[in-house]
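Peer 1: got a predicted structure plus its sequence, pasted below:
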There are 2 protein chains.
Amino acid sequence: MTITGQLLIGASAVTGQHGQIYATDPATGERLEPAFGAGSRADVERACALAAAAFDSYRDSAPELRAGFLDAIAANIEAIGDELIQRAMAETGLPRARLEGERGRTCNQLRLFAKVVRDGGYAGVRIDPALPAREPLPRSDLRQRRIALGPVAVFGASNFPLAFSVAGGDTASALAAGCPVVVKAHSAHPGTSELVGRAVQQAVAASGLPEGVFSLIVGAGNEVGSALVADPRIQAVGFTGSRAGGVALMRLAQSRPQPIPVYGELSAINPVFLLPGALAERAEALGRAFVGSLTLGAGQFCTNPGLLLAIDGPDADAFVAAAAEALGAAGAQTMLSPAIHAAYSDGVAKLARHERVTTVARGREGDGPNRCRAGLFATDADSFLANPALHDEVFGASGLLVRCRDAAQLQSLAESLDGQLTATLHLGAADTELARALLPTLERKAGRILANGWPTGVEVSHAMVHGGPWPATTDARATSVGTAAIERFLRPVCYQDLPAELLPAALRDDNPYGLPRLVDGKREHAANR
Amino acid sequence: MTITGQLLIGASAVTGQHGQIYATDPATGERLEPAFGAGSRADVERACALAAAAFDSYRDSAPELRAGFLDAIAANIEAIGDELIQRAMAETGLPRARLEGERGRTCNQLRLFAKVVRDGGYAGVRIDPALPAREPLPRSDLRQRRIALGPVAVFGASNFPLAFSVAGGDTASALAAGCPVVVKAHSAHPGTSELVGRAVQQAVAASGLPEGVFSLIVGAGNEVGSALVADPRIQAVGFTGSRAGGVALMRLAQSRPQPIPVYGELSAINPVFLLPGALAERAEALGRAFVGSLTLGAGQFCTNPGLLLAIDGPDADAFVAAAAEALGAAGAQTMLSPAIHAAYSDGVAKLARHERVTTVARGREGDGPNRCRAGLFATDADSFLANPALHDEVFGASGLLVRCRDAAQLQSLAESLDGQLTATLHLGAADTELARALLPTLERKAGRILANGWPTGVEVSHAMVHGGPWPATTDARATSVGTAAIERFLRPVCYQDLPAELLPAALRDDNPYGLPRLVDGKREHAANR
């Protein structure tokens, strides 16, 4: 496949006329060909018009058609072959194995959402049969299903150029729900975006779907993204990225004549609680394992463990010593973009010179541009509580250990935390009571609570939650990973006394799609499930 | 029970010191005793502190305890007896039969949510078992449940002093979800509010729940309500009322350091499509039935049919003639408050003098204060499309008939409508194709679509949706009536590899609450369900 630098507006490929964008290889600083013609407000307008025109037909397409479409996207992405991996490597500096794994995850995710569509539980069908003889008033026939919200704007993330980008989790779940999608490509990986975008575009055509189901727009600056969120046809937004960017989109969405939901996954420091029993049992092993999670992918994960909490003492010292040794041996890794590297360097430098913070260890220096030199820092709980800046995320491999006086201070520190994507407990045999006391706080603070593991690594499954209270995300009621992500893009509609010939197929008595249903409050399965 | 005019803060009853409020009997204009001491910011602070203190314990209480609590509230409300009906009649001007029916609905609603809690499906339990042997990476044990959002602020509505007020749908669904509730009483029915509030307060004590599970505050002006929404411990807001009030609360909630969801049910004109076949078959009967729905409860329903759309011609004329005759005979009814009556009179007067609007008929004059004299008006589709003010709700018994040239104009008029709570189709045998063409538009515009009925009358059941796209509500993803209303107050949390002894009971392998679960993507029922 040739990367042309074009926008994909419905079935068309057009060269944007609103300036040019080039990708940069962060490992070398070199400019990558070709030039991408940036889109304008008129391109956004055209994509949104096509999306709106496609909506009614797409949202009520048969489940098997929509599921087959998602499967076809996965197959088309795989069919691109090594060109996709090579382009993504060049645009992101991420290593081959990581990107091959991410491609597998992306395609599995699309196929999992195809299964969700075939299963049909997401439609939330509820039927309350009429009760014509009820006293004092009869009950009407009432049937509820959930329908797609409308066209969705998706903003690709820089740190997962496949799994959280053009055909990533937001797009897969929105398409599964029946929402056309307009993607704003991340400017750091426009070539990867185009390759994947063409895979989606071809699947739209091969599935016989209306062209407006998918468009992909490259934009310089914020104009395209702002125009997209402001467009009255867009009904929801999926975003993964910085807090500043996500909050700006949320404010824009709230200020529209019709406010719309923004599902923004913003920032987190993902606290890890090293409970005393765990440290007593395995401080050194924990120190080494922590560094493995901290430095994975140059620390460029939303779930990077940026905060460690421990009760001060010899076991905590042993943990620190082991972590410092491992970190000292950690090689520098290329970060995703010059901007991310600059922000990381700035954040680490601020920690290093903070008067209440000590530098425990740094990783090895790199020998090229945009290299992440990992860092571990330490402070005490009183200083952490008194300095809100120490609660901020430093995106990249940077960790802050907070030493607490005792379990009570550990608990009050937990209570002081902002909302998080994850919270992790490392437990020994003696820690059950302390963990039990911490759990209610952690449930209020985080979308996912782990024991004896590390938060990096987000399974795409039914039970996963990748979300959490503000400011980890803009909407704690949602997850952006896992099958429950589809619920973000649905709303319920009730049909009262509709004649059978006008009922949507999903709500017909004969249940042609075999959907699971709640009939008069009782769960009913189709026979073949 | 004696009405004391006190605030109910947790288990206490205290006399508010921030001014006094009296209820008014709208039928006579007379002031009703006693005086209610209005609450201050300090009272809000105290109620929110108690709610936060109660939250962790209440949200994780056993389902049977929470269900029994909801049942106890219903029993306590019934035990108040006729005093509640008499006070509500005096404060609202609503007739006895209506309020007795509303009391039944309120208690049934509480008992239905008790069933929802016992059923446990709302908890959304999902278990993905560990796959330790999976290649290339093992899968952790992942378990998801939905937990309560946190303390909820509920604003009672004036038009349902029982079913949408202190122990109405918002409170019942929030309490069922595990959220403590702080109610801001509607100033039009403070005595009704206190009676019901004491019923809840007694149920909290009798159930052995922490006192902060419920508080009730009377406030003068907006100060108490604003302080409540701004309080950092409040995590969601339920509101039913005017568009201006709801939008103000939504803006306030969005501008908090931590934004929170507002479920505001604001305004709707509930379009009724009189399709040609229906008018040909039964224009006169439809005209009479329409007036019955229009004037029910002085038109003071969120689902009042304020807009009629028909294709012009003799059948439409026959409908109008029958409606005009019925309306001319309709007696004046007392409205809920002087403010609502004044707004109604103003809205009707604006319609009457609008140059593109004709007055079809008015109801009979009333002989006391605050009487609603029903009105039916007419215009043509071009004028309706050109005058956005004609799309606004006039709260009360006021209907506007829009005459269309043909089916195409009817369809384009449907497309021009704002979001609605309901859309109604009156169908004859010849109307199936036109209805089918209208349905996709109506699905995008409304939360509930009815055929051959009237939108007033909202069943409290599993399949009901009382909600809809902006500006009908602030969140189209939600319903404020029916069992799905509980979903507004929940968020998912995932537990990864938690030791069995730390797992919440809802997620344990032995499923002690007998919850329905999704295990590895497959639905599983408890044996006894």
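Peer 2: Looks like it arrived, so ask away. Residues are numbered from 1 along each chain as shown, chains lettered A, B, ... in the order given.
Peer 1: in terms of pLDDT, where does A:R529 sit?
Peer 2: The per-residue pLDDT reported for A:R529 equals 43.
Peer 1: what segments of chain A are helices?
Peer 2: Remark: helices assigned in chain A by DSSP state H are A:41-59, A:63-80, A:82-92, A:96-119, A:169-177, A:190-206, A:223-230, A:243-255, A:276-295, A:314-328, A:338-353, A:381-386, A:407-416, A:432-445.
Peer 1: need the contact partners of the shortest one.
Peer 2: Spelled out, it's helix A:381-386. A:356-357, A:390-391, A:400, A:402-405, A:409-410, A:412-413, A:416 (CB atoms under 8 Å, 6 or more residues apart in numbering or on different chains). C-betas here are computed from N, CA, C, even on glycine.
Peer 1: cool, the second one as well?
Peer 2: Contacts with helix A:63-80, where a contact means CB under 8 Å, 6+ apart, come from A:1, A:58, A:84, A:103, A:106-108, A:110-111, A:113-115, A:117-118, A:120, A:162, A:167, A:172, A:175-176, A:178, A:195-196, A:199-200, A:202-204, A:206-209, A:513.
Peer 1: that helix - what's its average pLDDT?
Peer 2: Summarised as a single mean, pLDDT over helix A:63-80 is 98.
Peer 1: circling back to that earlier point, tell me which of the helices of chain A sits most buried.
Peer 2: Ranked by mean neighbour count, the helices of chain A are led by helix A:169-177 with a mean of 30 (mean count of other CB atoms under 10 Å in any protein chain shown).
Peer 1: what separates the helix or strand of chain A with the lowest mean pLDDT from the chain centre, distance-wise?
Peer 2: For chain A, using mean pLDDT, DSSP states H and E, the weakest element among its helices and strands is strand A:522-524, scoring a mean of 93. Taking the mean of its C-alpha atoms, strand A:522-524 sits 33 Å from the chain's own mean (CA atoms, centre = their mean, to the nearest Å).
Peer 1: near chain B, anything from that strand?
Peer 2: Yes - for strand A:522-524 and chain B, the contact criterion (CB under 8 Å from any CB of the partner chain) is met by A:R523.
Peer 1: contacts with chain B among the contacts of helix A:63-80, please.
Peer 2: Among those, proximity to chain B is found for A:K115 (CB under 8 Å from any CB).
Peer 1: still on that earlier bit, the helices of chain A: which one's closest to A:G29?
Peer 2: With CB to CB as the criterion, A:G29 lies closest to helix A:338-353 of the helices of chain A, at 7.5 Å.
Peer 1: name the helices or strands packed onto the least confident helix or strand of chain A?
Peer 2: Packed against strand A:522-524 by the contact rule (3 or more CB pairs under 8 Å, 6 or more residues apart in numbering or on different chains; DSSP states H and E) you find strand A:517-519.
Peer 1: could you pull up the mean pLDDT of the strand it packs on?
Peer 2: Summarised as a single mean, pLDDT over strand A:517-519 is 97.
Peer 1: just checking: what are the partner strands of that strand?
Peer 2: Taking DSSP bridges as the criterion, strand A:517-519 sits next to strand A:125-128 (parallel), strand A:522-524 (antiparallel) in its sheet.
Peer 1: shouldn't A:G287 be in contact with A:A323?
Peer 2: Yes - at 3.7 Å, A:G287 counts as touching A:A323 under the criterion of CB atoms under 8 Å.
Peer 1: pick out the residue of the stretch 201-350 of chain A closest to chain B.
Peer 2: Ranking the residues of the stretch 201-350 of chain A by distance to chain B (CB to the nearest CB) places A:Q258 first, at 4.6 Å.
Peer 1: how many residues are close by the closest residue to that residue other than its chain neighbours?
Peer 2: Nearest in space to A:Q258, with sequence neighbours left out and distances taken as CB to CB, 6 or more residues apart in numbering or on different chains, is B:W470 at 4.6 Å. Other residues within reach of B:W470 by the criterion other CB atoms under 10 Å in any protein chain shown amount to 19.
Peer 1: over to A:L400?
Peer 2: A:L400 is surrounded by 23 other residues when neighbours are defined as other CB under 10 Å.
Peer 1: beta-bridge partners for it, please?
Peer 2: Partner residues in beta bridges with A:L400: A:L307, A:F377, with DSSP bridges as the criterion.
Peer 1: wait, doesn't it sit right on A:D380?
Peer 2: No - the criterion here is CB under 8 Å, and A:L400 misses it with A:D380 at 11.2 Å.
Peer 1: from A:L400, how far out is the closest residue in space to A:A283 that isn't next to it in sequence?
Peer 2: Of all residues beyond its chain neighbours, the one nearest A:A283 is A:A318 (3.8 Å), with distances taken as CB to CB, 6+ apart. According to CB to CB, to the nearest Å, A:A318 stands 18 Å off from A:L400.
Peer 1: repeat for A:N108
Peer 2: As defined by CB to CB, A:N108 lies at a distance of 34 Å from A:L400.
Peer 1: same question, A:A188
Peer 2: Where A:L400 is concerned, A:A188 sits at a distance of 27 Å (CB to CB).
Peer 1: so what's the residue nearest to A:G197 when sequence neighbours are not counted bridging to?
Peer 2: On the basis of CB to CB, 6+ apart, the spatially nearest residue to A:G197 that is not a chain neighbour turns out to be A:L216, at 3.7 Å. As for beta bridges, A:L216 partners with A:L8, A:V183 under DSSP bridges.
Peer 1: quick one, what contacts A:L216?
Peer 2: A:7-8, A:166, A:182-183, A:185, A:193-194, A:197, A:200-201.
Peer 1: same thing but 7 Å
Peer 2: A:7-8, A:166, A:183, A:185, A:193, A:197 (CB atoms under 7 Å, 6 or more residues apart in numbering or on different chains).
Peer 1: same thing with A:G347?
Peer 2: By CB under 7 Å, 6+ apart, the contact set of A:G347 is A:394, A:398.
Peer 1: please repeat the previous calculation with a cut-off of 8 Å.
Peer 2: For A:G347, the contact set (CB under 8 Å, 6+ apart) comprises A:392, A:394-396, A:398.
Peer 1: also A:D312?
Peer 2: When contacts are counted by CB under 8 Å, 6+ apart, A:D312 is found next to A:380, A:403-405.
Peer 1: outline the domain layout of chain A.
Peer 2: A:8-118+A:151-266+A:478-488, A:271-451 (automatic domain parsing).
Peer 1: list the buried residues for stretch A:26-43?
Peer 2: The neighbour-count criterion (16 or more other CB atoms under 10 Å in any protein chain shown) identifies A:26-27, A:32, A:34-41, A:43 as the buried residues of stretch A:26-43.
Peer 1: between which two of these is the distance greatest?
Peer 2: Within those, two members stand farthest from each other by CB to CB: A:A27 and A:R41, at 34.6 Å.
Peer 1: pull up the residues of the stretch 151-300 of chain A that are close to chain B.
Peer 2: Counting by CB under 8 Å from any CB, the stretch 151-300 of chain A comes close to chain B at A:250, A:254, A:258-259, A:261.
Peer 1: same thing but 10 Å
Peer 2: Residues of the stretch 151-300 of chain A lying near chain B by CB under 10 Å from any CB of the partner chain: A:235-236, A:247, A:250-251, A:254-261.
Peer 1: same question for the stretch 1-150 of chain A.
Peer 2: Counting by CB under 10 Å from any CB, the residues of the stretch 1-150 of chain A lying close to chain B are A:52, A:55-57, A:59-60, A:97, A:101, A:104, A:112, A:115-116, A:119, A:121, A:124-129, A:131, A:136-137, A:139-150.
Peer 1: at 7 Å what do you get?
Peer 2: Residues of the stretch 1-150 of chain A lying near chain B by CB under 7 Å from any CB of the partner chain: A:56, A:126-128, A:139-140, A:142-144, A:147.
Peer 1: so can I have JSON lines of the contacts of helix A:381-386 showing pLDDT and distance to A:G93?
Peer 2: Below are these laid out as JSON lines (pLDDT from 0 to 100; distance: CB to CB, whole Å):
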{"residue": "A:R356", "pLDDT": "97", "distance to A:G93": "33"}
{"residue": "A:V357", "pLDDT": "98", "distance to A:G93": "28"}
{"residue": "A:L390", "pLDDT": "95", "distance to A:G93": "29"}
{"residue": "A:H391", "pLDDT": "92", "distance to A:G93": "28"}
{"residue": "A:L400", "pLDDT": "98", "distance to A:G93": "25"}
{"residue": "A:V402", "pLDDT": "98", "distance to A:G93": "31"}
{"residue": "A:R403", "pLDDT": "98", "distance to A:G93": "34"}
{"residue": "A:C404", "pLDDT": "98", "distance to A:G93": "37"}
{"residue": "A:R405", "pLDDT": "97", "distance to A:G93": "42"}
{"residue": "A:Q409", "pLDDT": "98", "distance to A:G93": "40"}
{"residue": "A:L410", "pLDDT": "98", "distance to A:G93": "37"}
{"residue": "A:S412", "pLDDT": "96", "distance to A:G93": "40"}
{"residue": "A:L413", "pLDDT": "97", "distance to A:G93": "35"}
{"residue": "A:S416", "pLDDT": "96", "distance to A:G93": "36"}
